[in-house]
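K.L.:
Okay, predicted coordinates and the sequence, questions at the end:
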There are 2 protein chains.
Amino acid sequence: MEITIDIESATPLFSQLVMQIKQAVERGLIQPGDPLPSIRQLANDLDMNNKTVAKAYRLLERDSVIVTKGYRGTFIHPEAKNNCTVDLNAWVRKELTQTIQSFKEAGVTDSEIRIAFADVLNQNSGV
Amino acid sequence: MEITIDIESATPLFSQLVMQIKQAVERGLIQPGDPLPSIRQLANDLDMNNKTVAKAYRLLERDSVIVTKGYRGTFIHPEAKNNCTVDLNAWVRKELTQTIQSFKEAGVTDSEIRIAFADVLNQNSGV
DNA sequence: AGTTGTACCATTAGTACACACGGTACATAT
DNA sequence: ATATGTACCGTGTGTACTAATGGTACAACT
């Protein structure tokens, strides 16, 4: 599996990693059940921090594209091929677009929306 | 009509103005049809910038608590008493709370929500 | 002993925005 | 002339977030 990370790119490193692994799954370059390099290993190979790779892995597992089995390592999820096309972010954006649209129609200012949003997100983080 | 602005307060100046005018309407201290001081006049009296007062007036008109009649000045809206109890921000926050809650239940990260939100809000601003 | 994922402490640079301020200008009316 | 609301150019300060980095430590297993 070949992974190319562009330090110069505007897209975050962890995001590039996520996309590339998803693409590799889609193209069948890696199959369900295949093992992935360990976080430390991959971080070393790509010359980036452990945390950054860990972040990418965390998101990939959230999307059920990979499965981490603790000390046994990380593997491609059985249903990876289906799950990596499901774009959670697209759904979030669609929902938000609707909600924000209704706000604007009611005359709510952009900055009012932003402030309310920040409030809500911070309040719920403690719950 | 007495307005007291607290420079030290954490709540923004324009917000204090909005609240105080709404309260004055609720308590009947100012009646529908009554004229309000001009933006420049009030800014001078309260020792704040024209823009800040204008911002408060703009929001009050958005909420149909006041009516600006151009060169003829600004007046209390006929339906002011009903409209000033309607809290647009409260509605916005309630809606956002629901939406964000559903995102979190789907496992979406706070920062992902923030990014999607910023994207959507900026895209729609051009529409 | 060495490796797995994960959690915690932290810092740095960059970006984006809110708020308030200042000045200037406009059309419309008295 | 003077006043109305409104719109545009801008500045400065403070806050808050992202992304990425570093180090240390843990339980569980080979």
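P.N.:
All right, it came through fine.

K.L.:
what's around A:Y71, how many residues?
P.N.:
By other C-beta atoms under 10 Å in any protein chain shown, the residues close to A:Y71 number 5. In short, each C-beta sits where N, CA and C put it, glycine included.

K.L.:
mind listing what it touches?
P.N.:
Contacts for A:Y71 (C-beta atoms under 8 Å, 6 or more residues apart in numbering or on different chains) come out as none.

K.L.:
quick one, what contacts A:L96?
P.N.:
Counted by C-beta under 8 Å, 6+ apart, A:L96 has contacts B:T99, B:A116, B:F117, B:V120.

K.L.:
Report the inter-axis angle for the helix or strand of chain A with the lowest mean pLDDT versus helix B:110-125.
P.N.:
Lowest mean confidence among the helices and strands of chain A (mean pLDDT, DSSP states H and E): helix A:110-126, at a mean of 85. Calculated by axes from the mean of the first three to the mean of the last three C-alpha atoms, to 10 degrees, helix A:110-126 forms an angle of 170 degrees with helix B:110-125.

K.L.:
the helices in chain A, which residues?
P.N.:
If DSSP state H is used as the criterion, the helices of chain A fall at A:13-26, A:39-45, A:50-62, A:80-83, A:88-105, A:110-126.

K.L.:
returning to that earlier point: tell me the most packed of the contacts of A:L96, by neighbour count.
P.N.:
B:F117 (24 neighbours).

K.L.:
Hmm, that one is touching A:F117, no?
P.N.:
Yes - the pair B:F117 / A:F117 is scored as a contact, 5.8 Å apart, by C-beta atoms under 8 Å.

K.L.:
about what we covered before: B:G28: which of the helices of chain A is closest?
P.N.:
helix A:110-126 (27.6 Å; C-beta to C-beta).

K.L.:
What is the distance between the closest one and the centre of its chain?
P.N.:
The chain centroid and the centroid of helix A:110-126 are separated by 22 Å under C-alpha atoms, centre = their mean, to the nearest Å.
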